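K.L.:
structure for the following, please:
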Amino acid sequence: MELRQIRYFVRVVEVGSMSRAAADLGVVQSALSQQISRLEGELSVRLLTRTPRGITATQAGLAFLPEARLILRHAEQARRAAQLARLSGTASVGLAPTTASVLALPFMRAMRERYPDVRLHMVESLSGHLADMLERRQLDFAILFNVDVSAKWNVQPLIEEKLFLVQSTRNGAPHAAGPITQMSALKDIPVILPTESHGLRNKIDAAFQRAGVKPMVVAEIDSLAMLMESVDAGLGATIQPSAAVRRYPDAAERFALSEIDDLQNRHVNVLCSLADDELSPAALCTRLVLTHCVRTLVQEQRWPDACLSDQFS
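P.N.:
As a prediction, the model looks like this:
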């Protein structure tokens, strides 16, 4: 039983509507319904029922409601008590650009709410550069891509993202429409990729090699913003998770994304950190907030085309 499930249940009962409760809570309705279903499953009882007047509590729900409100009250009291002895210090966090486009703002907001006296040092850079900074103890932790589990750091796989062929739609029709089932279908498509120091590039090169294809690489760019501008201008396609286009408000009009089955569920975001005894209390708490944010974003369907790793879910 999770606090958010209890909070969701109470709000639905208060407003009598799934859609209105979802809007009030800032979550999609399907995620809210899923969490309430999980709560009912754990309790082995129906808490809500649909009537002509809207959603109402069942007898079991009415019995659960005052206890649920008491739990939320106690949780709020505990939060306030903890804030009386606010944690302070600094924590340095590294995120790759595609990860930052989804995670950075929700994470920083959560940190501001929970630990307002902890100062964050945020670094957005390529996975390889972040790994070097972590090695030099310039970061407390970072989310890297496709890291070997035997790495010397503390390693926690978080999510797996689908990878797509991303092409511009503003300079003629895309080379490929719809799903692409094999890497071999990309052999005649000009592509723009990160350099070999990037973890994603190594994954893409290995996939091309398995397919027996030599890619038509027309440029190598180690800046996501510059790379996506080049794709948008029609200079070539690229291979990225869908988060790469998230910073474009009109991404659906600018870009065509085609699935590549050869690469599905292989782009792993891994949380890598220094040993716990090297981390300050502020950094340890910051890491917990970060993992909670990742889990929440995926479960509430706010991280597109991503699923939790089996080792994290």
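
K.L.:
what mean pLDDT does the lengthiest helix in the chain get?
P.N.:
Across the chain, the longest stretch assigned as helix under DSSP state H is helix 59-84. In this model, helix 59-84 has an average pLDDT of 85.

K.L.:
next one: stretch 207-225
P.N.:
Here stretch 207-225 scores 91 as its mean pLDDT.

K.L.:
how about Ser125, nearest residue that isn't a chain neighbour?
P.N.:
Gly94 (6.6 Å; CB to CB, 6 or more residues apart in numbering). Using the backbone N, CA and C atoms, a C-beta is placed for each residue, glycine as well.

K.L.:
what's the spacing between the closest residue to Leu87 other than its chain neighbours and Pro281?
P.N.:
Spatial nearest neighbour of Leu87, chain neighbours left out: Tyr115 (5.1 Å); criterion: CB to CB, 6+ apart. Using CB to CB, to the nearest Å, Tyr115 is found at 10 Å from Pro281.

K.L.:
of those two, which one has the most company?
P.N.:
Remark: of Tyr115 and Pro281, Tyr115 carries more neighbours, 22 against 12, as counted by other CB atoms under 10 Å.

K.L.:
quick check: closest non-adjacent residue to Gly128.
P.N.:
With CB to CB, 6+ apart as the criterion, Gly128 has its nearest non-adjacent residue at 4.2 Å, and that residue is Ser197.

K.L.:
do I have it right that the residue nearest to Leu87 meets Leu290?
P.N.:
No: if you go by CB atoms under 8 Å, Tyr115 and Leu290 don't touch, sitting 11.6 Å apart.

K.L.:
pLDDT at the residue nearest to Gly128, what is it?
P.N.:
73.

K.L.:
ok but it is inside a helix, no?
P.N.:
No: secondary structure of Ser197 (DSSP: H, G, I helix; E, B strand; the rest coil): coil, not part of a helix.

K.L.:
and it, what does it touch?
P.N.:
When contacts are counted by CB atoms under 8 Å, 6 or more residues apart in numbering, Ser197 touches 126, 128-129, 222.

K.L.:
any chance of those residues in JSON lines, plus secondary structure and distance to Glu161?
P.N.:
Formatted as JSON lines, the contacts of Ser197 follow (DSSP: H, G, I helix; E, B strand; the rest coil; distance: CB to CB, whole Å):
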{"residue": "Leu126", "secondary structure": "coil", "distance to Glu161": "16"}
{"residue": "Gly128", "secondary structure": "helix", "distance to Glu161": "18"}
{"residue": "His129", "secondary structure": "helix", "distance to Glu161": "20"}
{"residue": "Asp222", "secondary structure": "coil", "distance to Glu161": "19"}
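
K.L.:
who are the packing partners of the longest helix of the chain?
P.N.:
helix 3-15 (3 or more CB pairs under 8 Å, 6 or more residues apart in numbering; DSSP states H and E).

K.L.:
next, the buried residues of the helix it packs on.
P.N.:
For helix 3-15, the buried set under the neighbour-count rule, 16 or more other CB atoms under 10 Å, comprises 4-13, 15.
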